[in-house]
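Enquirer: Here's my sequence, what's the structure:
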Amino acid sequence: MAKFVNQKLKLFYLRNILLENTDKNHYISMNEIIERLNTLDIRAERKSIYNDIDLLRELGLEIINHKRLGYAVVKKEYDFEEIELIIQGLDYLDISKNQKLLLKEKLKRNLSQYEAKLLS
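Expert: Predicted structure coming up:
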């Protein structure tokens, strides 16, 4: 049994941290990962995070480790260019402005925060 309530969610939160904060141009260091997990009341040590990253790789997430820059997810379900095309295409659909905004926001969730800002 996990010693802390949120420990069971560590892998899920680590996945989200990597997806939301990294891309092929933006990396996150091990210290930043630990700090972000701590803000979620999840205690983590380097060794356990290394194991979790290996598990995420086994589950299909393409995570690279750059010695100086840190970790990044470099391949996601949809890449930036694909989501950009879909978002541009929404403007030509005969749906309400509100529906378009909601769909665009949902699509942006598949991007890192940095990529999503480029589409704003």
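Enquirer: What residue spans form the domains of the chain?
Expert: As assigned by automatic domain parsing, the chain contains the domains 5-75, 80-119.
Enquirer: could I get these as a markdown table with mean neighbour count?
Expert: C-beta coordinates here come from the backbone N, C-alpha and C atoms, glycine included. Listed next are the domains of the chain as a markdown table, based on neighbours: other Cβ atoms under 10 Å:
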| stretch | mean neighbour count |
| --- | --- |
| domain 5-75 | 15 |
| domain 80-119 | 13 |
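Enquirer: Arrange those domains in TSV, one row each, with mean pLDDT as further columns.
Expert: Converted to TSV, the domains of the chain look like this (pLDDT from 0 to 100):
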stretch	mean pLDDT
domain 5-75	93
domain 80-119	91
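Enquirer: Name the residue closest to the centre of the chain, please.
Expert: Leu19 (1.0 Å; Cα atoms, centre = their mean).
Enquirer: How much space separates that one from Leu93?
Expert: For Leu19, the distance to Leu93 equals 27 Å [Cβ to Cβ, to the nearest Å].
Enquirer: Likewise for Asp79?
Expert: Counting by Cβ to Cβ, the separation of Asp79 from Leu93 is 22 Å.
Enquirer: and if you look at Asp54?
Expert: 42 Å.
Enquirer: and if you look at Ile83?
Expert: Taken as Cβ to Cβ, the span from Ile83 to Leu93 is 16 Å.
Enquirer: again, but for Glu84
Expert: 16 Å.
Enquirer: repeat for Leu14
Expert: Per Cβ to Cβ, Leu14 is found 36 Å from Leu93.
Enquirer: picking that back up, verify the stated contact: the residue nearest to the centre of the chain with Lys76.
Expert: Yes - at 7.0 Å, Leu19 counts as touching Lys76 under the criterion of Cβ atoms under 8 Å.
Enquirer: centre of the chain versus the host helix or strand of Leu107, how much separation?
Expert: Using DSSP states H and E, Leu107 maps to helix 97-108. When distances are taken as Cα atoms, centre = their mean, to the nearest Å, helix 97-108 is centred 19 Å away from the chain's centroid.
Enquirer: For the nearest residue to the residue nearest to the centre of the chain once chain neighbours are set aside, list each beta-bridge partner.
Expert: Spatial nearest neighbour of Leu19, chain neighbours left out: Val73 (5.7 Å); criterion: Cβ to Cβ, 6 or more residues apart in numbering. Val73 has these beta-bridge partners by DSSP bridges: Ile63.
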